[in-house]
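Q: next comes the sequence, and after it the predicted model I'd like to discuss.
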Amino acid sequence: MTLKGRTAVITGSNSGIGLGIAWELARAGADVVLNSFTDNDEDHELARTIAGETGVAARYVRADMSKGEDCRALIAEAGRCDILVNNAGIQHVAPIDEFPVEKWDAIIAINLNSAFHTTAAALPMMRKAGWGRVINIASAHGLTASPFKSAYIAAKHGLVGMTKTVALETAEEPITANAICPGYVLTPLVEAQIPATMKEYGMDRESVIRNVMLARQPSKQFATVEQLGGTAVFLCSDAAAQITGTTISVDGGWTAL
C-alpha cells in the first residue's frame, strides 16, 4: 500500500503524536505538511529531515490553531489536502468551579474548534480530488471521563461527535472520517514527567509507570507514536474504505473497563 501522490496536513505536528503520525504517513509515501504555532529553524529542519529520509515532499507551515482564520489559512497554504489529521491539542487540570475561563476557551478552541475550521476548508479539496481521509486524534477521554479535566473531555467528546457528522455528510463519497482514541502515549512530554513523578511518589521508574501513570491502562504499557502513525496509515488504506464515522481505541484496554 502506498500513499504516493497524496498530501497529508497534520496539525500540531512538530513533536509527539503529530510528528509520529507525520513520519509514518511519509514512510507510506505521502507528502506531508507539518504545523505548530511556532516558527523556528528547528520546525523547518524537521520537515527537511523527513523529506531527506523518506524522499517525499515535506514542509512546515506556522499556524495558530486557536484562531479559525489561521486554521483555514493552513489548508489554503498547503494547496492540497487529501489526508487531514486534526491532532493539535492542549490540556489543563482543575476542578470545574475553579477552572480558569481563559483555559477553557483555549482548550475548546485548539482541541475542537480548529478541527471544524480545517475540515470545512479541506473537504472541498478532497471532493475535487475524488478521495479523502479525515482523521481526528481524540482520546480515551473522548469516550469516557475523569475528574478535573472538564474542558479536555468536553472537547474530545465533541470531536468524536463531529467525526460522526462528517462521516454521514460524506458517506456516499470516497471520503472517510474517523477518530483515533489513544490512551497514554509515550511522548517526549510524558517521558520528561517520569523523573518528577518518581520523586513525588518515592517509587522507581517501573512502579511509577505501572501504578501511577498507567493506573487506568490495563496493558500497563504506553502506546507509541509509531503505533498511532500505523493506525493512521491503515485508515488511509483501501482496506479501510468502508470504515467511517467510528472510533479506533489505541488505549491498552482502558475503554474496555
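A: Nice, thanks for sending it over.

Q: from Phe234, how far off is the spatially closest residue to Lys149 that is not a sequence neighbour?
A: Of all residues not flanking Lys149 in the chain, Val93 sits nearest, at 5.9 Å (CB to CB, 6 or more residues apart in numbering). Yep, even glycine has a C-beta here, placed from its N, CA and C like the rest. Applying CB to CB, to the nearest Å, the value for Val93 to Phe234 is 32 Å.

Q: tally of neighbours for Ala109?
A: Neighbour count for Ala109, taken as other CB atoms under 10 Å: 20.

Q: correction: the previous question concerned Gly253.
A: Around Gly253 there are 13 other residues, counting by other CB under 10 Å.

Q: can you give me the helices for the stretch 151-257 of the chain?
A: Taking DSSP state H, counting those that start in this stretch, the helices of the stretch 151-257 of the chain run over residues 188-201, 205-208, 225-235.

Q: including distance to Gly158, mean neighbour count and mean pLDDT, could these go into a markdown table?
A: What follows is these, written out as a markdown table (distance: least, CB to CB, whole Å; neighbours: other CB atoms under 10 Å; pLDDT from 0 to 100):
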| stretch | distance to Gly158 | mean neighbour count | mean pLDDT |
| --- | --- | --- | --- |
| helix 188-201 | 23 | 12 | 93 |
| helix 205-208 | 32 | 14 | 96 |
| helix 225-235 | 20 | 21 | 98 |
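
Q: now render those helices as TSV, adding distance to Asn136.
A: Listed next are the helices of the stretch 151-257 of the chain as TSV, based on distance: least, CB to CB, whole Å:
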stretch	distance to Asn136
helix 188-201	20
helix 205-208	30
helix 225-235	10
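
Q: could you list every residue that touches Ala76?
A: Residues near Ala76 by CB atoms under 8 Å, 6 or more residues apart in numbering: Ala121.

Q: where's it, which helix or strand?
A: Assigning secondary structure by DSSP states H and E places Ala76 in helix 68-78.

Q: using CSV, write out every CA atom in that helix.
A: Once non-C-alpha atoms are left out, helix 68-78 reads as follows in CSV (Å, rounded to 0.1, in the frame of the first residue of the first chain):
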residue,chain,number,x,y,z
GLY,A,68,-10.1,30.0,13.0
GLU,A,69,-8.6,32.2,10.3
ASP,A,70,-5.2,30.6,10.8
CYS,A,71,-6.7,27.1,10.6
ARG,A,72,-8.3,27.8,7.3
ALA,A,73,-5.2,29.6,6.0
LEU,A,74,-3.1,26.5,6.8
ILE,A,75,-5.2,24.4,4.5
ALA,A,76,-5.1,27.1,1.8
GLU,A,77,-1.4,27.4,2.0
ALA,A,78,-1.0,23.6,1.8
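
Q: avg pLDDT for it?
A: Taken as a whole, helix 68-78 has an average pLDDT of 98.

Q: same question, stretch 136-147
A: 97.

Q: tell me which residues in it are buried?
A: Neighbour-count burial for stretch 136-147, counted by 16 or more other CB atoms under 10 Å, picks out 136-144.

Q: just the terminal-to-terminal distance for it.
A: 23 Å (CA to CA, to the nearest Å).

Q: would you map out the domains in the chain?
A: 7-185+223-256, 186-221 (automatic domain parsing).
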